[in-house]
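Undergrad: Quick check, what structure comes out for this input:
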Amino acid sequence: MSIKPLIILPDPVLRQVSKSVERIDEPLLKLADDMLETMYDAPGIGLAAIQVGEPLRMLVIDLAKEGEPPAPHVFINPDVLESGTERSVYEEGCLSIPDYYAEVERPATVRVRYLDRDGRLQEIQAEGLMATCLQHEIDHLNGVLFIDHISKLKRDMVVKKFKKLARDKAPSRLAG
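TA: Purely as a prediction, here's the structure:
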């Protein structure tokens, strides 16, 4: 396993719509393991393949609390089948938008169909943090970021800040 570099806002890769996984094979499972290692290292609770530059419909989640054994989940080609009508608000963050958090309102429950690591079709009825995390990561697969769910004013401020950070990190061109 290896830690992959994270794609950070304003990189346009984050806005790509990911392609369906056609085959579950060793390279894909290695990518899933690398994504888990990258997520744990960050540290985070969820990561979509696009966040490590792979436009594939795969995400990983582990909601184990500190001191609990890891509980990794791999979701391949996840699809939201149903969203509940009740809403919940969580303060969300994103490994691709470091150190920025905002309250986001989403459906409190979702039913998601996906393939597991063994290629078996599964369904999960998720609520609470798992429901929020699944929606957040599936959004990534569709080129949507959590900041798209906040006010335009706040979103514009965040994007402007990250564009400036990216400019400041870019190598300067010295006149020769």
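Undergrad: Buried residues, the one helix or strand in the chain whose mean pLDDT sits lowest. List them.
TA: Least confident helix or strand of the chain, by mean pLDDT, DSSP states H and E, is helix 152-169 with a mean of 94. Going by neighbour count (16 or more other Cβ atoms under 10 Å), the buried part of helix 152-169 is 155, 158, 162. For glycine as for every other residue, the C-beta is placed from the backbone atoms N, C-alpha and C.
Undergrad: which residues make contact with that helix from outside it?
TA: Helix 152-169 has contacts (Cβ atoms under 8 Å, 6 or more residues apart in numbering) with 8, 9, 10, 11, 97, 100, 102, 147, 148.
Undergrad: Neighbour count says what about the residues you listed? Which are buried?
TA: Applying 16+ other Cβ under 10 Å to the contacts of helix 152-169 flags 8, 9, 10, 97, 100, 102, 147 as buried.
Undergrad: May I see these organised as TSV, with secondary structure added?
TA: Formatted as TSV, those follow (DSSP: H, G, I helix; E, B strand; the rest coil):
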residue	secondary structure
8	coil
9	coil
10	coil
97	strand
100	strand
102	strand
147	helix
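Undergrad: Make a markdown table out of those and add distance to residue 66.
TA: Formatted as a markdown table, these follow (distance: Cβ to Cβ, whole Å):
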| residue | distance to residue 66 |
| --- | --- |
| 8 | 25 |
| 9 | 27 |
| 10 | 32 |
| 97 | 23 |
| 100 | 22 |
| 102 | 23 |
| 147 | 27 |
